[in-house]
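Asker: how would this look folded up:
(one chain, ligands or ions: 2)
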Amino acid sequence: MYLLFCSAGERVEHEYNLGHVMMLLLESSASSCHRFQSTSVHGLAVRNVSPAEIRTENGVLGRRTERLTEYFEILGGNRLSGHVSISGAKNSALAVLAGALCSEQELNLQMIPDLHDIHSMVQVLQSVGAKVKRSGADVTVDASEISSLEPCSEASGKLRASFFVIGALLGRKGQAVVPLPGGCDIGARPIDLHVRGLRALGAQVDVRQGKVYATALNGKRLTGGRFHLDFPSVGATETLMMAAALADGETVLSNVAREPEVIDLAQFLISCGAKIVGLGTSTLAIQGVEKLHGTDYRIIPDRIETGTFLIAAAITRSSISMSPALPHHLAAVTEKLQQIGCKIQQPSSDSLLISPGRGLSSTSVTTSPHPGFPTDLQPQFMTLMTTCTGRSVIEETVFEGRMRHVEQLRKLGAKVMVNKSVAVVYGRDQGSHLRGVPVTATDLRAGAALVLAGLAADGTTHVEGISHIDRGYELFDHKLRLLGARIERRATLPVELMTL
Ligand SMILES: CC(=O)N[C@H]1[C@@H](OP(=O)(O)OP(=O)(O)OC[C@H]2O[C@@H](n3ccc(=O)[nH]c3=O)[C@H](O)[C@@H]2O)O[C@H](CO)[C@@H](O)[C@@H]1O
Ligand SMILES: C=C(OP(=O)(O)O)C(=O)O
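Answerer: Numbering: from 1, shown residues only. Ligands and ions are numbered 1, 2, ... in the order given. Predicted structure coming up:
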């Protein structure tokens, strides 16, 4: 007999809630949702719900067919209040972990966030022989022995920063075979500047079958050289800085990226004995040294996480404070928030306090390399603009494919018109009205933007695809809950229904 009469689209889902298993049965015949205690499904006692099987007293009811997927359920309309602790910067931590391969001695790193991207990066380091240990936010890396010059493809393919190890391996060992990276799907994201820069330091570099093969000309050490970046690429600047730190002679890199994370990597390398001058300017001069030594290094707070929480406060018209936060890393963002009507204060040198003004109004934003408005906050800021009055114009100049959140925002009721890289965002008095519906995160910051939209929307928003968010925000839902947001992490377990 059929235990459940199912047709296409029917799903059995279950949720874990502090060890208490709840069954959520979605019936295709009636589109409404029914909740059951774990004791009964259609009158049959449920004996066991494991990640693989759902059993009743009569036998197996369903079998897992796909990976368990998680989503956020957000009930909008709540004000936030209180204080949020900001984690260490993802993009600093990733670059510093890559840079750890330059050093022959143990390193103690502090403020390393616990994120999926960091886990993948640790796997990349371990795959070439580094020993990595974590205790809370402290991570020690011992890369004294490099046992392989070819990092694991699977881990490397999960994030962009995995590619940056090419600079460290080539600088230290004169050879590397590095898989092409992954990362957010926000444009073509070539690696030509990395490759051309490494060639300028005397490496022979070939790209074939998804891997980059690089060798110093004499097979041992790179030689200092001059390289001008056509665009101030964050990753290429970091790759080349690591490579040049261990090259013979002086390297001069011009038109480099000036993002705080690039400066953080430079400061970390300097603390290991590298000789780099010009930090914060667009030209870096790097005198190569024989080897790098150990250090204790604390990375900077995450300015993108800070900016996301500032926007969370603005979109819910709330007052919250946050620390550690370095206001000068976020000047372009706080300036825009003040321009639209938010009040921002700096209670101490490493904290920020935001309160909403009477009404928030439209503005125009153009993303650009630091110190410009960061592309990594563009989707979140666009979401905020849909709740303000007036019509805003947002131009994305860094990544040609970073408008994928628009389609999802439209599902939530946002009125946004896009022409190539320019979006016209209509505010709440111009046709945008956010109402909760299911939406899907297409990348990390798009996901954060949808969560923010959910906080402001009427009703309940489901954000799927939250593995993207877990790549880059530490305890995002937990931190929002502490501020008073109604957001829950739920799990869906698609199962194939069985006959008994
Ligand atoms: C792990 C990490 O740190 N990620 C950040 C880093 O990414 P990432 O280092 O990948 O970003 P880049 O600064 O390199 O990219 C900026 C622009 O340069 C182009 N480009 C880049 C390299 C290259 O060889 N050729 C080329 O044309 C890219 O396609 C893009 O259009 O900086 C971006 C810009 O601030 C941020 O959004 C990412 O969060
Ligand atoms: C684009 C981002 O990350 P990645 O470069 O790792 O894809 C980001 O942090 O927003």
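Asker: C-alpha only now, for contacts and for neighbours.
Answerer: OK.
Asker: where exactly do the helices run in the stretch 351-500 of the chain?
Answerer: 378-385, 405-411, 444-456, 467-472, 476-482 (DSSP state H, counting those that start in this stretch).
Asker: now the fourth one, how far from the centre of its chain.
Answerer: Per CA atoms, centre = their mean, to the nearest Å, the displacement of helix 467-472 from the mean C-alpha position of its chain is 6 Å.
Asker: try the third one
Answerer: Mean C-alpha position of helix 444-456 versus that of the full chain (CA atoms, centre = their mean) differs by 13 Å.
Asker: and that helix, what other elements does it pack with?
Answerer: Using 3 or more CA pairs under 8 Å, 6 or more residues apart in numbering; DSSP states H and E, the elements in contact with helix 444-456 are strand 69-75, helix 303-315, helix 378-385, helix 405-411, strand 460-464, helix 467-472.
Asker: pLDDT on stretch 438-450, on average?
Answerer: Per-residue pLDDT over stretch 438-450 has a mean of 97.
Asker: ugh, wrong one, stretch 455-463
Answerer: pLDDT averaged over stretch 455-463 gives 98.
Asker: what's that stretch in contact with?
Answerer: Here stretch 455-463 makes contact (CA atoms under 8 Å, 6 or more residues apart in numbering) with 71-78, 312, 315-316, 412, 433-441, 447, 450-451, 454, 485-486.
Asker: the helix or strand containing M242 vs ligand 2: in contact?
Answerer: Per DSSP states H and E, M242 falls inside helix 234-245. No. Using CA under 6 Å from any ligand atom, helix 234-245 stays clear of ligand 2, coming no nearer than 8.4 Å.
Asker: ok, residues contacting that helix?
Answerer: Residues contacting helix 234-245 (CA under 8 Å, 6+ apart): 95, 99, 102, 161, 164-172, 191, 193-194, 197-198, 201, 222-224, 250-251, 253, 256-259, 262, 265-266, 269, 274-276, 286-289.
Asker: and those, which of them are in helices?
Answerer: Cross-referencing these against helices under DSSP state H gives 95, 99, 165-172, 193-194, 197-198, 262, 265-266, 269.
Asker: give me the buried subset of the residues you listed.
Answerer: 95, 99, 165-172, 193-194, 197-198, 262, 265-266, 269 (16 or more other CA atoms under 10 Å).
Asker: returning to what we had before: can I get the helices of the stretch 351-500 of the chain in a markdown table with mean neighbour count and distance to S233?
Answerer: As requested, the helices of the stretch 351-500 of the chain are exported to a markdown table (neighbours: other CA atoms under 10 Å; distance: least, CA to CA, whole Å):
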| stretch | mean neighbour count | distance to S233 |
| --- | --- | --- |
| helix 378-385 | 27 | 18 |
| helix 405-411 | 20 | 23 |
| helix 444-456 | 28 | 19 |
| helix 467-472 | 21 | 20 |
| helix 476-482 | 17 | 28 |
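Asker: any chance of TSV for those, columns distance to T215?
Answerer: Formatted as TSV, the helices of the stretch 351-500 of the chain follow (distance: least, CA to CA, whole Å):
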stretch	distance to T215
helix 378-385	38
helix 405-411	40
helix 444-456	34
helix 467-472	31
helix 476-482	41
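Asker: flag the shaky bits of this protein, pLDDT-wise.
Answerer: 1-68, 493-500 (pLDDT under 70).
Asker: residue contacts, V393?
Answerer: By CA under 8 Å, 6+ apart, the neighbours of V393 are T363, S364, V365, V422, A423, V424, V425.
Asker: who wins on neighbours among the residues you listed?
Answerer: V425 (30 neighbours; other CA atoms under 10 Å).
Asker: returning to what we had before: ok, and of the buried ones among the ones in helices among the contacts of helix 234-245, which contact ligand 1?
Answerer: Checking these against ligand 1 (CA under 6 Å from any ligand atom), the matches are L193, H194.
Asker: any idea how far M382 lies from G436?
Answerer: 17 Å (CA to CA, to the nearest Å).
Asker: residues contacting F231?
Answerer: Contacts of F231 (CA under 8 Å, 6+ apart): N255, V256.
Asker: three-state assignment of it?
Answerer: State at F231, reduced to three classes by DSSP: H, G, I helix; E, B strand; the rest coil: coil.
Asker: over to it: give its phi and psi.
Answerer: The phi and psi values for F231, taken as degrees, to the nearest 10, are phi -130, psi 140.
Asker: I figured I344 was touching L352, is that so?
Answerer: Yes. Between I344 and L352 there is a contact under CA atoms under 8 Å: 7.0 Å.
Asker: which one's more surrounded, these two?
Answerer: L352 (22 against 19).
Asker: quick revisit: JSON lines for the helices of the stretch 351-500 of the chain, including distance to ligand 1?
Answerer: Compiled in JSON lines, these are given as follows (distance: least, CA to the nearest ligand atom, whole Å):
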{"stretch": "helix 378-385", "distance to ligand 1": "10"}
{"stretch": "helix 405-411", "distance to ligand 1": "15"}
{"stretch": "helix 444-456", "distance to ligand 1": "9"}
{"stretch": "helix 467-472", "distance to ligand 1": "9"}
{"stretch": "helix 476-482", "distance to ligand 1": "17"}
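Asker: of those, which approaches ligand 2 most closely?
Answerer: Ligand 2 lies closest, by CA to the nearest ligand atom, to one member of those: helix 444-456, at 5.4 Å.
Asker: not counting sequence-adjacent ones, nearest residue to H228?
Answerer: Nearest residue to H228 in three dimensions, chain neighbours excluded: S254, at 4.7 Å (CA to CA, 6 or more residues apart in numbering).
Asker: please read the previous query as pertaining to Q338.
Answerer: I344 is the one closest to Q338 (CA to CA, 6+ apart), at 6.8 Å.
Asker: for that neighbour, what are its contacts?
Answerer: Counting by CA under 8 Å, 6+ apart, the residues that I344 touches are T334, Q338, L352, L353, I354, S355.
Asker: try 7 Å
Answerer: Counting by CA atoms under 7 Å, 6 or more residues apart in numbering, I344 makes contact with Q338, L353, I354, S355.
Asker: surely the second one touches T334?
Answerer: To tie it back to what came earlier, the one meant is L353. No. At 10.7 Å, L353 and T334 do not qualify as touching, with contact defined as CA atoms under 7 Å.
Asker: of these two, which one has the most company?
Answerer: T334 (23 against 19).
Asker: helix, strand or coil: sort out the more buried one for me.
Answerer: Strictly by three-state DSSP, T334 counts as helix.
Asker: start at 46, not 1
Answerer: New numbering, starting at 46: the last item is T379.
Asker: distance of it relative to P416?
Answerer: 12 Å.
Asker: kindly report the same for L204.
Answerer: From L204 to P416 the distance is 24 Å (CA to CA).
Asker: so those two - more neighbours on which side?
Answerer: L204 (21 against 18).
Asker: enumerate every residue touching the residue of the stretch 346-495 of the chain found nearest ligand 1.
Answerer: When scored by CA to the nearest ligand atom, the stretch 346-495 of the chain has F444 as its residue closest to ligand 1, at 4.3 Å. Each residue near F444 by CA under 7 Å, 6+ apart is listed here: I231, G232.
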